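> structural data only, the sequence is not supplied:
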């Protein structure tokens, strides 16, 4: 497990870089944290560092956004916040995405926990209640 302290947006590039280092052995990354913890912001920084030129936003209503890096690699960005039943993930065809070689970045993975592969990289974001901008990110 790796722990990363983030004291503000200026620390995000380093945090994203440490997560990207782990992508060599993980294609599915699950981001856990309360509403407003910065899951989308962290994913945006990861995508930027990977060369995505598109505007990276949370796919809250669409459930999935797809981006391409400058090299043509596809990134699937999921937001399962609005999922109420696992059947909705099946209807989305999650298996096709998870079984591909594409990078899958998942917000609100607890909604589909039992569908996540065993080798999913888990990123936990904790908010410091005493400092709005401070986060503790655990990767493992």
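Structure's in. What do you need? Just so it is clear, the structure is predicted and the values come from calculations on it, not from any experiment.

> which SS class is the residue nearest the centre of the chain?
In the chain, the residue lying closest to the centroid (C-alpha atoms, centre = their mean) is residue 105, at 3.6 Å. Using DSSP: H, G, I helix; E, B strand; the rest coil, the structure places residue 105 in strand.

> confidence score at residue 131?
Note for residue 131: predicted pLDDT of 89.

> one more: residue 89?
pLDDT, residue 89: 95.

> is it true that it lies in a helix?
Yes. Looking at residue 89 with three-state DSSP, it is inside a helix.

> from residue 39, how far out is residue 56?
12 Å (C-beta to C-beta, to the nearest Å). Every C-beta, even on glycine, is put in place using the N, C-alpha and C of the backbone.

> more neighbours: these two, which one.
The neighbour count for residue 56 versus residue 39, taken as other C-beta atoms under 10 Å, is higher for residue 39 (24 against 20).

> skipping its backbone neighbours, what lies nearest the more buried one in space?
residue 31 (4.4 Å; C-beta to C-beta, 6 or more residues apart in numbering).

> the one you found is in contact with residue 45, isn't it?
No. Proximity of residue 31 to residue 45 does not meet the contact threshold set by C-beta atoms under 8 Å, at 11.9 Å.
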